[in-house]
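S.K.: Let's see this in three dimensions:
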Amino acid sequence: MKNSLIIVILIFVSFTCNSQSYEFETVIDLETTDVISQGNTGTCWSFSASSFLESEIMRITGKNIDLSEMYTVRNTYPKKAWNYIMRQGKAQFSEGGLAHDVINSVADHGLVPNVVYPGLETHTTRHNHAEMIAVLKGMLDVYIKNPGRQLSPKWKLVTESVLDIYLGKNISTFNYEDVQYTPESFLKMTKINPKDYISITSFSHQPFNTNFILNIPDNFSNGSFLNVKLNDLVDITNNALKAGYTVELDCDVSEKTFSSKHGLAVIPKDDINKKEALENVRPEKEITQNLRQQEFENYNTTDDHLMHITGMLKDQNGTTYYKVKNSWGKNSDRVANDGYIYMSESYFKLKTISIMVHKDVVPKKLLN
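M.R.: Model (predicted):
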C-alpha cells in the first residue's frame, strides 16, 4: 500500500513538473482584415472565403477592402434552391456551403464592398438567418409537394422576393470611393481571377493526384477537389504561407480540444484529460493517412466550419501551429486571441476537410 502511494505521488509530481503553459512565438503573420462575426448564421463559408479574398486583394494590389459576404450569400441561395427543387427535396437545403461556392459566385456575379451591400435588415446590426432559411425551405417544400400536380413556374420569382426582403435587392451599379462600379468592374479592379483558385483535399478512397467530387453534405454544387497525399497537403499549406499566400480552410471543429475560449485546437496523445491539453502543452498523436481516413469514414471528421489561415507559430517545444482567423467575433469572454485559433499541425492533419489556395503555390507535378 505504501509503495503504491509513493508511485502515485511520483507520477503526480512528474506530471506537475512537466506541465507547461503554452508560450507562442510568431513565425509568419500575413496581412488580413479585421475579425468579424458571422452572427447567428451558418455562412462561415462566405465569411472565411471573403476574408481569404480580402487578403488576396491586399497581396495583389495593396488595397484594404471589406467585401460583402451577404452579396455572395444572396447570389448563392437561388442555386441552392434550384438544386433542392430539382432533386425534389432529396438534398440538403441549409445555410451551409463551401469555399468554391464563393468563387463560383464571384465568377458569375462579381464582387461588391460591404459598405454598399451589408445584407442586414433595417435597424439590425447582427446577421440572423434562422427565420429566412425556415421560410425558404418551407416554401420550397410546398412547391415540391406539387399541389397543382406540376411545379409552379412562380417558385423562382418567390425565392428571389424572399431573399430581397431578408438580405436586400441585388445591385447592378454602385459608388465606391467616388468611382462608379458594377459588380463585374469592381471585381476587375481588385484583380481577383476566380480561375486562379483551387480546392485541395486528402483522402485515400480516391486516387491521389486526381480530381474528384467530395461527397460531403455542404457540397451541394458538386465542387471538384484535387486529391493529394497528406504530406503534400501540409507542404502546400506551409509553402503557401512562407511565400506570402494565405490559405482557406474547411475543417472539423467538434473536438473537445477545439476551443475558441482558449483559442486553441490540438490532438493530445492521451485522451484521458482533454481539458489539460487546452491549458498545458501535452504530447500529440502521430497522424497518419490511415487514421485520417478512418476518422472521416466513421463521421468523427465532418465539414463543420470554414476559417482562414493567415500565419504560423511555434510553441516553446518547436511544435508548429497555424494562426487561423475565425468568424465568431473577438470581443467576448468566450473568444481568445482576438478571435484567432492557434491550431496545431496534428489537428490540421487529422481534422482538415480541404483547403483552397492560389494555384501558383501548388507544385505543377500535382496538377493535372
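S.K.: what about the helices in the stretch 201-350 of the chain?
M.R.: In order along the chain, the stretch 201-350 of the chain carries the following helices (DSSP state H, counting those that start in this stretch): 230-242, 274-279, 289-297, 345-351.
S.K.: tell me the pLDDT at residue 239?
M.R.: Residue-level confidence at residue 239 comes out at 97, pLDDT.
S.K.: so it touches residue 362, yeah?
M.R.: No: under the criterion of Cβ atoms under 8 Å, residue 239 lies out of contact with residue 362, with a separation of 9.2 Å. Quick note: C-beta positions are derived from backbone N, CA and C, even for glycine.
S.K.: Residue 337: what's its closest spatial neighbour, skipping adjacent residues?
M.R.: Here the nearest residue to residue 337 in space, its sequence neighbours aside, is residue 263; by Cβ to Cβ, 6 or more residues apart in numbering that works out to 3.5 Å.
S.K.: number of nearby residues for that neighbour?
M.R.: By other Cβ atoms under 10 Å, the residues close to residue 263 number 21.
S.K.: try the one 3 residues further on
M.R.: Other residues within reach of residue 266, judged by other Cβ under 10 Å, total 27.
S.K.: what about it, distance to residue 329?
M.R.: Shown here: residue 266 relative to residue 329, a distance of 22 Å by Cβ to Cβ, to the nearest Å.
S.K.: Also residue 148?
M.R.: 46 Å.
S.K.: Remind me which helix or strand residue 57 belongs to.
M.R.: When secondary structure is defined by DSSP states H and E, residue 57 falls within helix 44-61.
S.K.: CA atoms only: put that helix into CSV for me.
M.R.: Extracted in CSV, the C-alpha atoms of helix 44-61 (Å, rounded to 0.1, in the frame of the first residue of the first chain):
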residue,chain,number,x,y,z
CYS,A,44,-18.9,30.7,-42.3
TRP,A,45,-18.1,29.6,-45.8
SER,A,46,-18.8,33.1,-47.1
PHE,A,47,-17.1,34.9,-44.2
SER,A,48,-14.0,32.9,-44.4
ALA,A,49,-13.6,32.8,-48.2
SER,A,50,-14.4,36.6,-48.3
SER,A,51,-11.6,37.1,-45.7
PHE,A,52,-9.3,34.9,-47.9
LEU,A,53,-10.1,37.1,-51.0
GLU,A,54,-9.6,40.2,-48.9
SER,A,55,-6.0,39.0,-48.1
GLU,A,56,-5.5,38.1,-51.8
ILE,A,57,-6.5,41.7,-52.8
MET,A,58,-4.0,43.0,-50.3
ARG,A,59,-1.3,40.8,-51.6
ILE,A,60,-2.0,41.6,-55.2
THR,A,61,-2.9,45.3,-55.1
